[in-house]
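1. Sharing a model prediction with you, sequence too.
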Amino acid sequence: MTSLQSRFPVSGFRLLFTDNWLRETGYWLLVTGYWLLATGYWLLVTGYWLLATGYYVLL
């Protein structure tokens, strides 16, 4: 632990491995979740539109 503290200051070590990592990971998860939600909504709308078009063509 002493060599680790001499290599990294405590505040820098804590900031590097806690705050920035959590912030970047949370931001990435938020963007990924939003993208998956938008993609799922788009697929749902597209599937519904294709179903309605196919039903209309068959009739």
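-> The structure has been received and is ready for your questions. Numbering: from 1, shown residues only.
2. Any stretches of this protein with poor pLDDT?
-> Along the chain, segments meeting pLDDT under 70 span 1-19.
3. quick one, helices of it?
-> Here the chain has its helices, by DSSP state H, at 2-7, 10-14, 20-58.
4. Tabulate those helices (JSON lines), appending mean neighbour count.
-> Every C-beta, even on glycine, is put in place using the N, C-alpha and C of the backbone. Converted to JSON lines, those look like this (neighbours: other Cβ atoms under 10 Å):
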{"stretch": "helix 2-7", "mean neighbour count": "8"}
{"stretch": "helix 10-14", "mean neighbour count": "10"}
{"stretch": "helix 20-58", "mean neighbour count": "10"}
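5. How much space separates W42 from L50?
-> W42 sits 12 Å away from L50, going by Cβ to Cβ, to the nearest Å.
6. for T39, that is, sorry about that
-> Distance of T39 to L50, given as Cβ to Cβ: 16 Å.
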